[in-house]
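> one predicted model, sequence on top.
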Amino acid sequence: MDFVPDIAGRTVTADALFSQTAVSACLHGPGRPLHVRRQAQPEEPAQGDQGPLRLAVREASGLRDPLAVAGARADRAARSLGLHRSGAQAFLPRGRAGAPVRLSICIAVGHDATCSEPFGHHVGSGLGSRRVSSSSGNVVVVTGAAAGIGYAIAKRFAADGYRTAIVDLDEERACVAAASIAEASGGETLAATADVADLESCRAAHDRIVSEFGPVSVLLNNAGIMSQRLGRIEELPPEHFDQLLAVHVRGAVNWARLVTSAMREAKFGRIINVSSGNAKLAVPYRLAYVTAKKAILGITEALALETARDGITVNAILPGYIATQTLLDRADAGILDKDGFAERTPVGRWGRPDEIARAAAFLADADSGFITGSTLVVDGGITIRGDPNEDLARPPSPKS
């Protein structure tokens, strides 16, 4: 199972066991170990079985076109991961006792003590599969890439041969994610810390990335935050509204501003903005989130027109309900109905982060140059059904 940093505490879940000594010395100083625990692993598929692990290996190694994954096989993989309504009780499968782990080392961003590489720059050992393609040597920046959809996108691009920059507000998680992806892909990754809502913070991260890797060819604007409350407009705190727009909207504009000049000069560039199904299928009592995600589509269309003659395409991805750790936590807390959302989705299951990563890889490809200003919906059909019933919550009672 892929590395997923734990949301709670400092425990890290990964498919690789990181060197506690190297990690703690670099991130925290000697004597402050970073706790790790074994990630549950699914059972190995039988000989000839095209189970989820084998599918993942084949796709990463380039033995078939990842965009041509048969629907039945993708459906079977999701079912085995418990993403169907009738799947396992947990989203992620329980593992076997004594499952093997691998070793890797994480180098922190910006720390010099005991760090052998600057700026969190990692080169994979080649233990993982790496697909050679025309993208080799190109530079991709993925924001919000320490976990979830962003992590899956970064991992996919690294496997495709991109020099991959993982940008996140959380330095520690970005560093661990970069090391994990480098180990899995055999490619080069770099972790950079930035607050996407702050232009100067983004500029500093961008300048480090360009210094290490060269000009950015592909930008994935994925960073975002969830609404922390449901509420009527009368009770919507102005600072909450401003925060969501700053991260989602200003963050996307900040990074596009920084990379576009070099893309114009190169006569090639790909900007991909990750929106949400809520941009197409609004839900009540989430005004700030719906507004922010809808605005991303406006940015996409306006910037696509501005850059169309410069060899730059600008597109958006609109995910449906994807089994990220954030949504899993909300389901565990009883905020989201796991089985209910699978039932309401026409294909009958939740999506997987790697399915969004495939869409991003398609839009980033040099052969996708005639697609710009478009929104690629990857949602299992939920937005055309028009029945989100999100959070199963009644409107809060107005204050007396």
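Done, it's in.

> quick one: low-confidence ranges for this structure?
Applying pLDDT under 70 to the chain flags the ranges 1-137, 387-400.

> hmm, try it at 90
The model of the chain has pLDDT under 90 over residues 1-137, 186, 226-231, 277-279, 281-286, 325-344, 385-400.

> assign the nearest residue to residue 327 once chain neighbours are set aside to helix, strand or coil.
Leaving aside its sequence neighbours, residue 327 sits nearest to residue 336 (C-beta to C-beta, 6 or more residues apart in numbering; 6.2 Å). Any C-beta I mention is one placed from the backbone N, CA and C, and that applies to glycine too. At residue 336 the chain is in coil, as set by DSSP: H, G, I helix; E, B strand; the rest coil.

> what count of nearby residues applies to residue 336?
Around residue 336 there are 17 other residues, counting by other C-beta atoms under 10 Å.

> quick one: it from residue 354, how far?
21 Å (C-beta to C-beta, to the nearest Å).

> and if you look at residue 189?
Using C-beta to C-beta, residue 189 is found at 17 Å from residue 354.

> with neighbour numbers in mind, choose between the two.
For residue 189 versus residue 354, neighbours defined as other C-beta under 10 Å are more numerous around residue 189 (32 against 23).

> quick check: bridge partners of that one?
residue 122, residue 164 (DSSP bridges).

> wait, it touches residue 176, no?
No - between residue 189 and residue 176 there is no contact under C-beta atoms under 8 Å: 11.0 Å.

> max-length helix in this protein?
Using DSSP state H to define each element, the chain has its longest helix at helix 287-307.

> show me what that one is packed against.
Using 3 or more C-beta pairs under 8 Å, 6 or more residues apart in numbering; DSSP states H and E as the contact test, the elements touching helix 287-307 are helix 238-245, helix 251-266, strand 269-274, strand 312-319.

> quick one: contacts of it?
Applying C-beta atoms under 8 Å, 6 or more residues apart in numbering, the contact partners of helix 287-307 are 221, 224, 226-227, 233, 236, 240-241, 243-245, 247-249, 252-253, 256, 260, 263-264, 269, 271, 273-276, 278-279, 282-283, 313-316, 318, 372-373, 375.

> which of those residues are buried?
The neighbour-count test (16 or more other C-beta atoms under 10 Å) marks 221, 224, 227, 236, 240-241, 243-245, 247-249, 252-253, 256, 260, 263, 269, 271, 273-276, 278-279, 282-283, 313-316, 318, 372-373, 375 as buried among those.

> make CSV out of the helices and strands packed on helix 287-307 and add distance to residue 159.
As requested, these are exported to CSV (distance: least, C-beta to C-beta, whole Å):
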stretch, distance to residue 159
helix 238-245, 32
helix 251-266, 22
strand 269-274, 17
strand 312-319, 18
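
> tell me which of the ones you listed lies nearest to residue 193.
helix 251-266 (13.9 Å; C-beta to C-beta).

> report the inter-axis angle for that closest one versus strand 269-274.
Interaxial angle, helix 251-266 versus strand 269-274 (axes from the mean of the first three to the mean of the last three C-alpha atoms, to 10 degrees): 160 degrees.

> quick one: contacts for the closest residue to residue 259 other than its chain neighbours?
Computed as C-beta to C-beta, 6+ apart, the closest residue to residue 259 that is not its neighbour in sequence is residue 216, at 4.3 Å. Applying C-beta under 8 Å, 6+ apart to residue 216 gives the contacts 139, 140, 141, 165, 206, 209, 210, 258, 259, 262, 263, 269.

> hmm, 7 Å instead?
Shown in contact with residue 216 (C-beta atoms under 7 Å, 6 or more residues apart in numbering): 139, 141, 209, 259, 262.

> closest to residue 180 out of those?
Nearest to residue 180 among the contacts of residue 216 is residue 141, at 17.8 Å by C-beta to C-beta.

> the residue nearest to residue 327 and residue 292, how far apart?
Where residue 292 is concerned, residue 336 sits at a distance of 19 Å (C-beta to C-beta).

> go on, residue 263?
Counting by C-beta to C-beta, the gap from residue 263 to residue 292 is 25 Å.

> try residue 359
According to C-beta to C-beta, residue 359 stands 20 Å off from residue 292.

> so these two - more neighbours on which side?
The neighbour count for residue 359 versus residue 292, taken as other C-beta under 10 Å, is higher for residue 292 (28 against 21).

> ok, now which ones touch the closest residue to the more buried one other than its chain neighbours?
Taking C-beta to C-beta, 6+ apart, and ignoring the residues beside it in sequence, residue 292 has residue 248 as its nearest neighbour in space, at 3.7 Å. The contact partners of residue 248, taken as C-beta under 7 Å, 6+ apart, are 224, 292, 293, 296.

> so what touches stretch 350-367?
Contacts for stretch 350-367 (C-beta under 7 Å, 6+ apart): 66-67, 78, 83, 134, 148-149, 152-153, 156-157, 160, 218, 220, 270, 272, 315, 317, 319-324, 341-342, 368, 371, 376, 378, 380.

> using CSV, write out every CA atom in it.
Only the C-alpha atoms of stretch 350-367 are listed here, as CSV (Å, rounded to 0.1, in the frame of the first residue of the first chain):
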residue,chain,number,x,y,z
TRP,A,350,-15.6,5.4,-4.3
GLY,A,351,-12.7,6.5,-6.5
ARG,A,352,-9.0,6.0,-5.8
PRO,A,353,-6.3,8.7,-5.8
ASP,A,354,-4.4,6.9,-8.6
GLU,A,355,-7.4,7.3,-10.9
ILE,A,356,-7.0,11.1,-10.5
ALA,A,357,-3.3,10.7,-11.1
ARG,A,358,-4.0,8.9,-14.5
ALA,A,359,-6.1,11.8,-15.6
ALA,A,360,-3.4,14.3,-14.7
ALA,A,361,-0.8,12.3,-16.6
PHE,A,362,-3.1,12.3,-19.7
LEU,A,363,-3.6,16.1,-19.6
ALA,A,364,0.2,16.7,-19.1
ASP,A,365,1.2,14.6,-22.1
ALA,A,366,2.7,16.4,-25.1
ASP,A,367,0.0,14.7,-27.2
